[in-house]
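S.K.: quick one, fold the following:
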Amino acid sequence: MNAIVVGAYLPRLDPERLARYVAEDKWRYINVAVSDLRSKGFLKDFTDDYVLARAQEIADETQRELQQAALFEIEVTDNNGTFDVSEIESAWEPSFLSPDGAMLLESLGQSPANSTSFRVAFWVHEWSEGNELVGSSGSLGLPEFSSVPERLWTLAPYALVD
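M.R.: I've put the predicted structure just below:
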C-alpha cells in the first residue's frame, strides 16, 4: 500500500470563501437541521430568537476553529485493506473519496476497505506553521499549503468538536 499527501489546505488563505462557508453552514443549521428537528417534535420550547442566537454562536465558533485548522488530502494506491486513517495523528472527520477526489466513495456504493485506490480528506485542529503530519510510519511529506479547493468544502465539510 502507498499513501502520499496530495493536498494541504488552509481555509484562512481564502478569507472570503471561509466566510461564505460559515454563512452557508449557519443557513443549513437554521433552515435544515432546526427545521428537521422541529418537524419531528423537538425544540418546541426554543424560540426563533434563541435559535438565531445559537446559530450565531455556532458560526462564530466555526469561524474561529477554521482559522486554525488544516485540511489534508491523501492518495492511497495499491491498498490491500490495511490503510487506517486513525493511524494518522489528529485526523478528524475523514471523508473517503474516489481516486480522482471528485466523489464520495459511499455515494458510489464503495468502501475504502474494498477499494485498491482512493483518496481520504481529513481535518487537523490547531494547525500551525512547523507542525508535522504523523502517520504510523512517521512524518508524512507535505506539499505547499494552498486554499481549500471548492470540491472539498462540499465533500469534506468541517464539523465542530463536541
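S.K.: pretty sure residue 24 is in a strand, no?
M.R.: No - Residue 24: not assigned to a strand; according to DSSP: H, G, I helix; E, B strand; the rest coil it is helix.
S.K.: what average pLDDT does stretch 75-86 get?
M.R.: Stretch 75-86 shows an average pLDDT of 91 in the prediction.
S.K.: next, the distance between the ends of that stretch.
M.R.: Taking C-alpha to C-alpha, to the nearest Å, stretch 75-86 runs 15 Å from one end to the other.
S.K.: what about it, distance to the chain center?
M.R.: Offset of stretch 75-86 from its chain centre (C-alpha atoms, centre = their mean, to the nearest Å): 19 Å.
S.K.: test my guess that residue 134 contacts residue 87.
M.R.: No - using C-beta atoms under 8 Å, residue 134 is not in contact with residue 87, being 9.2 Å away. C-beta: built from backbone N, CA, C; applies to glycine.
S.K.: and residue 17, how close does it get to residue 25?
M.R.: Residue 17 sits at a distance of 12 Å from residue 25 (criterion: C-beta to C-beta, to the nearest Å).
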